[in-house]
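K.L.:
using only what follows, build the 3D model:
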Amino acid sequence: MLDYKLEISRTPPTDVPERNINCGTPLFYCFECALYEQDIETGFDYYAVNCYSGKRLRLVHRKNPMATYEDVKFAELVHRSPIAGASRYQIDRLAGQGISLAKAKKLIRYIISVVLPQHGINTTKEQIEIGEAILNAIARMEKILVNAGDGFDQSIPYMLALIIAKRGRLNDQANLSLYPEMQYADMFRLPSIISMPNAEQQKSVAKDWIPALSQVLLEKEMILSPLTVVTRKRRERYICKRNVLILLSSEKNADTRTTLELLLQKAASNDLNDDNDLSSYIKKKICVPKRCADGCRYRENCHYIAWHRTENSLDYDFQVCGHSYVFNYGQNRSIGRSTLLPNHQLVMASQETFLASAENAYAEELSEHTAQQILDLLVGQKYHRKGTQNLSIEAAKKLRNVSNKLFATLTKDAKPDDLSKPVVIDNESARQFNNIAGITTRLIAALHSEVFYRKAEEIIAWVRKRYNANLSQVDLGRLLQEASGTEAERNKQAVMLHLAICEQPGIAVHIANDARDRREPRFGINPEQYALQRERSSVKDVIWRRIEKLMLSESARCNGCETFYDLIWTLGQLRDCAENLMRISESNYSLECKYDETILLAKLKNLPERLYRDLWSRKIPIILLSDGACTMDDMKKAEPTLGLQIGQ
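P.N.:
Numbering: from 1, shown residues only. Reported below is the predicted structural model:
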């Protein structure tokens with residue numbers, strides 16, 4: 001509840017235009033308003049004037065003047081009036097009316113020294129100093145290292161600093177220049193990112209710390225609505241209904257079948273970590289895959305996709321995530337790709353495992369089994385286009401041979417029981433990386449041609465069904481005999497297919513009838529129907545739009561090609577990996593053994609420069625928090641390895 005005595009002041013608010021308070025001497029100030037008394041013949045009028053907007057409102061008429069002990073009563077009248085502004089310790093502000101840095105520091109001092117002790121939370125002067133230092137960095141759009149400590153009590157200063165900066169709109173004007181591509185209204189709704197190293201800390205922040213502070217601030221009416229927070233989780237932590245049904249069809253264990261059937265009935269909980277009765281093997285089978293099937297019939301009602309859209313909205317004050325999300329945002333935004341996180345106004349991250357997470361995020365991994373897995377998938381497919389099967393399988397065999405040769409060279413001098421040692425990549429190994437990139441490029445082109453051919457078959461079937469025409473004379477093998485890997489080749493072949501279809505006798509009749517109906521109306525047709533007939537698309541246009549929608553659109557999917565799309569995506573990832581591995585002067589290479597397979601790992605040498613490019617060079621404040629065991633000297637030593645000193 002508000003303490004109206006604390007709201008009454010005899011001095012005006014700061015930065016108030018003089019023209020708004022030159023109506024005489026006010027009785028007092030409260031809620032960003034001045035209260036005036038006017039003596040008239042019938043008594044006394046009391047009216048309030050908003051100090052910032054200049055709006056004026058009559059509150060009450062009395063026969064007798066206000067007594068000194070009635071200050072609280074009149075302060076409550078001002079608070080309930082429509083022109084009242086924020087209370088003295090209110091954090092929430094409207095868009096474009098952000099608080100000043102001095103006001104933010106005043107708020108954090110009041111909360112730590114007065115409000116929290118009233119709720120039984122112990123606080124110290126050091127917490128006020130840490131909170132003010134973080135607010136300084138946020139207001140100046142700087143990066144800062146803070147020795148914050150562990151636990152809820154130690155989290156108070158930086159959590160309060162984030163709340164005040166977000167709800168108090170400390171950087172509203174500065175945020176308008178961060179993302180020029182965003183709509184103006186959305187720039188005032190940018191969330192704050194809280195990055196924690198593990199799931200337990202993320203859960204503590206989202207389920208305990210922020211709700212606890214939200215409840216305290218709501219009771220004091222310092223915020224007008226609860227703080228909102230969402231936890232970002234990786235795909236493998238969500239349940240895939242399609243995978244559950246697939247496993248359920250082959251599962252024989254009665255207890256497991258019962259558990260899986262219950263999972264299908266759960267509409268609210270989709271987090272696999274909530275189901276401790278399932279083994280890790282079952283969880284791996286039923287989780288959301290790395291790449292969802294394009295033709296999945298559960299896509300429209302998928303809980304994961306719906307939740308992912310909700311996560312990316314700007315309706316949350318805070319987004320809690322792991323370090324990998326922060327690196328993904330920096331990497332992808334710097335090269336113009338879509339990101340997992342939405343645009344945001346500041347980042348607070350735990351320094352614990354931050355550097356190790358960065359090394360893993362920017363590392364490249366190549367498994368010795370990847371090429372064999374691709375070959376096995378290609379051998380088991382049915383191909384419609386003549387020659388594509390032999391071409392694809394031969395290329396996949398070459399890819400496997402090159403991969404085997406590469407790993408045989410790398411492991412030649414390594415001991416089988418100890419592979420975790422640095423390896424030297426010579427020019428011969430770099431040439432093998434180049435060969436892998438070239439073979440995967442040819443494989444992708446071949447699979448694109450197969451998919452393109454199948455799309456053409458779908459077009460033929462659609463035209464035959466719609467116009468009841470015989471299209472047996474359309475020779476797709478001859479029309480699409482050339483490669484269709486590039487956009488120009490696909491456009492050319494789409495035009496040739498359109499011409500071939502329109503030249504068929506069954507379609508030519510429809511085209512001729514359509515042209516005749518456009519020239520002259522049929523017998524007995526009224527003018528309105530004739531006008532509509534002329535405005536509708538011609539047969540040629542209808543067929544071309546179908547070709548354009550299905551064959552010339554990369555997002556359009558062909559039925560029965562899910563495995564080919566997955567292979568194209570996997571080959572694209574492998575090609576990018578090989579191209580990055582070719583830059584032998586930029587990485588340190590080592591071998592690792594995971595689950596009986598050898599993996600080549602390449603870690604960047606210039607990681608501090610990449611972190612500066614993707615994170616520190618951005619004009620948003622970033623707060624790095626260390627635990628209590630870390631001293632200031634340790635934090636200073638960490639600055640060069642993180643790239644924080646670059647550009648200073």
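K.L.:
where do the strands sit along this structure?
P.N.:
Using DSSP state E, the strands of the chain run over 28-30, 33-40, 43-50, 56-62, 143-147, 192-195, 229-231, 318-321, 346-350, 364-367, 422-423, 587-594, 597-604, 622-626.
K.L.:
ok, the closest residue to Glu548 other than its chain neighbours to Gly98 distance?
P.N.:
Nearest residue to Glu548 in three dimensions, chain neighbours excluded: Ala494, at 7.2 Å (CB to CB, 6 or more residues apart in numbering). Heads up, the C-betas are built off the backbone N, CA and C, glycines and all. Counting by CB to CB, to the nearest Å, the gap from Ala494 to Gly98 is 53 Å.
K.L.:
tell me which of those two has more neighbours.
P.N.:
Ala494 (23 against 20; other CB atoms under 10 Å).
K.L.:
mind pulling up the pLDDT for that one?
P.N.:
According to the prediction, Ala494 has pLDDT 86.
K.L.:
same thing with the one 10 residues further on?
P.N.:
What the model reports as pLDDT for Gln504 is 89.
K.L.:
next, count neighbours for Asn122.
P.N.:
Residues lying near Asn122 (other CB under 10 Å) number 9.
K.L.:
separation between it and Ile156?
P.N.:
For Asn122, the distance to Ile156 - CB to CB - is 10 Å.
K.L.:
pop the domain breakdown of this structure in here.
P.N.:
For the chain, whose domains are defined here by automatic domain parsing, the residue ranges read 4-80, 90-182+196-220+320-350+607-648, 229-315, 447-564.
K.L.:
distance to Leu406 added to the ones you listed, as JSON lines?
P.N.:
Shown next, in JSON lines, are the domains of the chain (distance: least, CB to CB, whole Å):
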{"stretch": "domain 4-80", "distance to Leu406": "67"}
{"stretch": "domain 90-182+196-220+320-350+607-648", "distance to Leu406": "25"}
{"stretch": "domain 229-315", "distance to Leu406": "24"}
{"stretch": "domain 447-564", "distance to Leu406": "23"}
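K.L.:
in stretch 375-387, what's buried?
P.N.:
For stretch 375-387, the buried set under the neighbour-count rule, 16 or more other CB atoms under 10 Å, comprises Leu375, Leu378, Gln381, Tyr383, His384, Arg385.
K.L.:
who's Asn50 bridged to?
P.N.:
Assessed by DSSP bridges, Asn50 has beta-bridge partners Cys33.
K.L.:
for it, what are its contacts?
P.N.:
Going by CB atoms under 8 Å, 6 or more residues apart in numbering, Asn50 touches Asn20, Glu32, Cys33, Arg56, Ile83, Ala84, Gly85.
K.L.:
what's the answer for Leu476, then?
P.N.:
Counting by CB under 8 Å, 6+ apart, Leu476 makes contact with Tyr453, Ala456, Glu457, Ile460, Leu497.
K.L.:
same thing but at 7 Å, please
P.N.:
Each residue near Leu476 by CB atoms under 7 Å, 6 or more residues apart in numbering is listed here: Tyr453, Ala456, Glu457.
K.L.:
any idea how far Gly380 lies from Leu162?
P.N.:
In this view, Gly380 and Leu162 are 52 Å apart by CB to CB.
K.L.:
related to what we said a few turns ago, okay if I get the contacts of Leu476 as CSV plus distance to Ile138, pLDDT and neighbour count?
P.N.:
What follows is the contacts of Leu476, written out as CSV (distance: CB to CB, whole Å; pLDDT from 0 to 100; neighbours: other CB atoms under 10 Å):
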residue, distance to Ile138, pLDDT, neighbour count
Tyr453, 56, 86, 22
Ala456, 57, 87, 25
Glu457, 59, 88, 15
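K.L.:
wait, which of those residues is closest to Thr25?
P.N.:
The nearest member of these to Thr25, counting by CB to CB, is Ala456 at 85.7 Å.
K.L.:
that closest one contacts Leu497, correct?
P.N.:
Yes - shown here, Ala456 and Leu497 form a contact pair, counting by CB atoms under 7 Å, at 5.8 Å.
K.L.:
returning to what we had before: surely the residue nearest to Glu548 and Met551 touch.
P.N.:
Yes - the criterion here is CB under 7 Å, and Ala494 meets it with Met551 at 5.1 Å.
K.L.:
for the chain, give me the ranges with low pLDDT.
P.N.:
Scanning the chain with the threshold set as pLDDT under 70 gives 148-153, 266-270, 273-277, 293-295, 413-421, 482-485, 518-537, 554-556, 627-636, 647-648.
K.L.:
between the strands of the chain, which gets nearest to Ala469?
P.N.:
Ranked by CB to CB, the member of the strands of the chain that lies closest to Ala469 is strand 364-367, at 50.2 Å.
K.L.:
residues making contact with the closest one?
P.N.:
In this structure, residues lying in contact with strand 364-367 by CB under 7 Å, 6+ apart are Cys577, Asn580, Leu581, Glu597, Ile599, Leu600, Leu601, Ala602.
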